[in-house]
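Student: Model the structure of this input:
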Amino acid sequence: MPDPETSRLGSPEAVEEELRETGYLADQHAASVVYLAERLGKPVLVEGPAGTGKTELAKSVAAMTGLRLIRLQCYEGLDEAKALYEWNYRKQLLRMQAGQSPASGDPSGAAAWRDVESDLFGEEFLLARPLLEAIRSPEPVVLLIDEVDRLEVETEALLLEILSDYQVSIPELGTVTATSTPLVFLTSNNSRELSEALKRRCLFLFLDYPSAQREREIIRSRVPGIGEGLAGQVSELVRSLRAMDLKKKPSVSETIDFATTLMLLEADEVTPRLSADTLHLLLKHQSDIEKAAAALAARG
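Tutor: All right, here's what the predicted structure looks like:
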């Protein structure tokens, strides 16, 4: 557990302000969870719809604290060798082949082989993947385990030891324990239910789509020069689209792309024609575009 006297985060209010300086507009609740995670030495499980700033939160915390970001992108089929560690089999094979040549004064080569056996599973042959890299880092890091809900249940179990004790058990080398507690963020789009064992080890944070006011703030922060009125119109259009039954609702990043495009087009307002012509920036399925276009046309 981190020493309170050496905490990098002064208070929830300080976290909120420093995140804002990086361009991430966190609310008070999110800032409090980040602060408590650092003070308690616990991971944060961040759930919510796609495109609500879950991954960006971890990146912004890394930028805010000046810590190195180590990212593990999860996907179906991810295994221990890609997430934790694996042995450099080619290098081991070369070492074995070199050890087969008879040692001087030892025709059988037995002494040479004993030497090979003793170092075949040494540090020299270990390939650290993101999880082990974060544990072995001599300096504190931010570890982002992105889209953890994409993992199979069996692979998810690999995380339990790491998130409980910040250590990794390697049969050939023993237990590797972190010398400094990493700041860990796990993100989930909630495509499947995570295990209770995993949830117990984490603080929980749900990030939903921002309110109209906060989204206007985000737009004005990320799109320099946009006026209050145009930012409000963009926010209202996006909120109306999210209220529809769509395959994929517009994310915050897509809202920013839309607002940036309006600035490039030197638009003063979001007209019905302009909305229809630029829906592809906010929606990524043709059926969604057609449904939204029909709804916007009906409104006049």
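Student: in the stretch 151-300 of the chain, which spans are helices?
Tutor: For the stretch 151-300 of the chain, the helices defined by DSSP state H, counting those that start in this stretch cover 153-156, 158-165, 196-200, 212-222, 228-242, 252-264, 272-277, 286-299.
Student: out of these, nearest to Ser137?
Tutor: helix 158-165 (13.0 Å; Cβ to Cβ). Glycine gets a C-beta too; all of them are placed from N, C-alpha and C.
Student: Which of the residues in that closest one are classified as buried?
Tutor: By 16 or more other Cβ atoms under 10 Å, the buried positions in helix 158-165 come out as 158-159, 162-163.
Student: Columns distance to Leu93 and pLDDT on top of the residues you listed, output as JSON lines?
Tutor: Below are the buried residues of helix 158-165 laid out as JSON lines (distance: Cβ to Cβ, whole Å; pLDDT from 0 to 100):
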{"residue": "Leu158", "distance to Leu93": "26", "pLDDT": "85"}
{"residue": "Leu159", "distance to Leu93": "31", "pLDDT": "91"}
{"residue": "Ile162", "distance to Leu93": "29", "pLDDT": "89"}
{"residue": "Leu163", "distance to Leu93": "34", "pLDDT": "90"}
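Student: For the stretch 101-250 of the chain, which residues score under the pLDDT cut-off?
Tutor: 101-122 (pLDDT under 70).
Student: At which residues are the strands of it located?
Tutor: 126-128, 141-146, 167-170, 174-177, 183-188, 203-206 (DSSP state E, counting those that start in this stretch).
Student: Quickly compare those and say which is most buried.
Tutor: Stretch with highest mean neighbour count among the strands of the stretch 101-250 of the chain: strand 183-188 (a mean of 26; mean count of other Cβ atoms under 10 Å).
Student: how far out from the middle of the chain is that one?
Tutor: 6 Å (Cα atoms, centre = their mean, to the nearest Å).
Student: what angle do that strand and strand 141-146 make?
Tutor: Relative orientation of strand 183-188 versus strand 141-146 (axes from the mean of the first three to the mean of the last three Cα atoms, to 10 degrees): 10 degrees.
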